[in-house]
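[1] Fold the following.
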Amino acid sequence: MKNTVVTFVNSKKKEQKLSMLTAYDYTMAKIIDGTEINGILVGDSLGMVTLGYDSTLSVTVEDMIHHGRAVVRGVKNTLVVVDMPFMSYHNTLAEAVDNAGKIIKQTQAHAVKLEGGREILDKVKGIINAQIPVMGHLGLTPQSLNIMGGFKVQGKSEEAAKKIIEDAKLLEEAGVFAIVLECIPEKLADLVSKSISIPTIGIGSGAGCDGQILVYQDMLNMDEDFKPKFVKTFADAGLVIKEGIKKYVDQVRDGDFPAVEHTFTMKEEVLEKLY
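    Residues are numbered from 1 along each chain as shown. Predicted coordinates for the structure are as follows:
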């Protein structure tokens, strides 16, 4: 079934859990779309897992458009959300709406995602008024890395927890269709999820959320040096890829590849005329 922002909202009413993964290219998007997954996030996490940056802060609108286009080309049934990167919606309302419109027009994605609560409400409302669906994002917001002092669990104090709950309600009132809750205590995420009528998508926030999202490289163990506490390995793709490449290297070195079945032939009379 085709996934839309409407099916996302209705899933909560039906008490159906939502599943999402990141994707940054056509091939992976096509593979993911071939499953029963509900949504793909073209995350600014591509800065770290695809481009090799230390954080998401260097990612540009052009980066998001480039990767977003590729993902959309590989999708038929999955809702595609594209992150608005750092400083693409932090200045004026006009710039925020313009950047959101540029992302949607040039990628043909279905929605954008913004990090933050009350401090960006005017931007959220403006983008939605421009007929662009918005997904919210609260808790650990990687674009605020420097203010938060690193990648740390958020909402552990009474004041911080109350702000997350209040911000979730404000985002719902502003018109977002779903909210990502990243790295907040499980009981707080459960409380937030029960206090709003739109779905929450958890990452490192427990099973009480209305859905879950992971970076696909994490859940497929494609970087053995990075394993957050909240990630479960569902398939050891990193090991499979390494083993496949090693076999390829060995067979090329030993002369076993390519074999006869991997090569093309030509007529002997044509070949003789070449000598």
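
[2] Can you say which helix or strand has the residue nearest to residue 257 when sequence neighbours are not counted in it?
    Excluding its sequence neighbours, the residue lying closest to residue 257 (CB to CB, 6 or more residues apart in numbering) is residue 251, at 3.9 Å. From N, CA and C alone the C-beta is placed, and that goes for glycine too. Residue 251 belongs to helix 237-254 when assigned by DSSP states H and E.

[3] My guess is the residue nearest to residue 257 contacts residue 245. True?
    No - with contact defined as CB atoms under 8 Å, residue 251 does not count as touching residue 245 (10.9 Å).

[4] Between these two, which has more neighbouring residues?
    Set residue 251 next to residue 245 and count neighbours by other CB atoms under 10 Å: residue 251 wins out with 13 against 10.

[5] so who does the nearest residue to residue 25 once chain neighbours are set aside touch?
    Of all residues not flanking residue 25 in the chain, residue 70 sits nearest, at 5.0 Å (CB to CB, 6+ apart). Residue 70 sits next to 24-26, 29 when contact means CB atoms under 8 Å, 6 or more residues apart in numbering.

[6] And for residue 211?
    Residues near residue 211 by CB under 8 Å, 6+ apart: 11, 17-20, 38, 178, 199-202.

[7] hmm, 6 Å instead?
    The contact partners of residue 211, by CB atoms under 6 Å, 6 or more residues apart in numbering, come to 17-18, 199, 201.

[8] beta partners of it?
    In this entry, residue 211 is beta-bridged to residue 18, residue 201, by DSSP bridges.

[9] which stretches of this structure have low pLDDT?
    The chain contains no residues with pLDDT under 70.

[10] Could you list the domains of it?
    5-236, 241-272 (automatic domain parsing).

[11] thinking again about what came up before, quickly list what's touching both of residue 251 and residue 245.
    With CB under 6 Å, 6+ apart, residue 251 and residue 245 have no common neighbours.

[12] Double-check that residue 153 belongs to a strand.
    No - counting by DSSP: H, G, I helix; E, B strand; the rest coil, residue 153 is not part of a strand but coil.

[13] how much space is there between the nearest residue to it once chain neighbours are set aside and residue 146?
    Excluding its sequence neighbours, the residue lying closest to residue 153 (CB to CB, 6+ apart) is residue 183, at 5.0 Å. According to CB to CB, to the nearest Å, residue 183 and residue 146 sit 16 Å apart.

[14] what about these two, which has more around it?
    More crowded of residue 183 and residue 146, by other CB under 10 Å: residue 183, with 21 against 9.

[15] Which residues are in contact with the more buried one?
    Residue 183 neighbours (CB under 6 Å, 6+ apart): 139-140, 153, 204.

[16] Could you tell me which of those are located in strands?
    residue 139 (DSSP state E).

[17] buried sites along stretch 264-275?
    Residues of stretch 264-275 classed as buried by neighbour count (16 or more other CB atoms under 10 Å): none.

[18] got it, and stretch 24-32?
    24-26, 28-30, 32.

[19] So which residues of the chain form helices?
    Listed from the start of the chain, the chain has helices (DSSP state H) covering 5-13, 26-33, 46-49, 61-73, 93-107, 121-129, 145-148, 158-174, 186-195, 216-219, 237-254, 268-272.

[20] Out of these, the one nearest residue 79 is which?
    When the helices of the chain are compared by CB to CB, helix 5-13 sits nearest residue 79, at 6.6 Å.

[21] What lies in contact with the closest one?
    The contact list for helix 5-13 (CB under 6 Å, 6+ apart) reads 18, 133, 177-178, 198-199, 210.

[22] same question, stretch 145-160
    For stretch 145-160, contacts defined as CB under 6 Å, 6+ apart pick out 55, 139-140, 161, 164, 183-184, 188.

[23] how about the CA coordinates for it, as PDB?
    Taking Å, rounded to 0.1, in the frame of the first residue of the first chain, the C-alpha atoms of stretch 145-160 are listed here in PDB:
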ATOM      1  CA  LEU A 145      25.300  19.300  18.900                       C
ATOM      2  CA  ASN A 146      27.500  22.200  20.100                       C
ATOM      3  CA  ILE A 147      24.900  23.600  22.400                       C
ATOM      4  CA  MET A 148      24.100  20.200  23.900                       C
ATOM      5  CA  GLY A 149      27.800  19.500  24.400                       C
ATOM      6  CA  GLY A 150      27.800  16.300  22.300                       C
ATOM      7  CA  PHE A 151      25.600  13.400  21.500                       C
ATOM      8  CA  LYS A 152      23.800  12.900  24.900                       C
ATOM      9  CA  VAL A 153      20.500  11.600  26.100                       C
ATOM     10  CA  GLN A 154      18.000  14.500  26.500                       C
ATOM     11  CA  GLY A 155      15.100  15.200  28.700                       C
ATOM     12  CA  LYS A 156      16.400  13.700  31.900                       C
ATOM     13  CA  SER A 157      15.700  16.700  34.200                       C
ATOM     14  CA  GLU A 158      12.200  17.800  35.100                       C
ATOM     15  CA  GLU A 159      12.600  21.100  33.200                       C
ATOM     16  CA  ALA A 160      14.000  19.500  30.100                       C
END
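
[24] I'm done for today, thanks for sticking with me.
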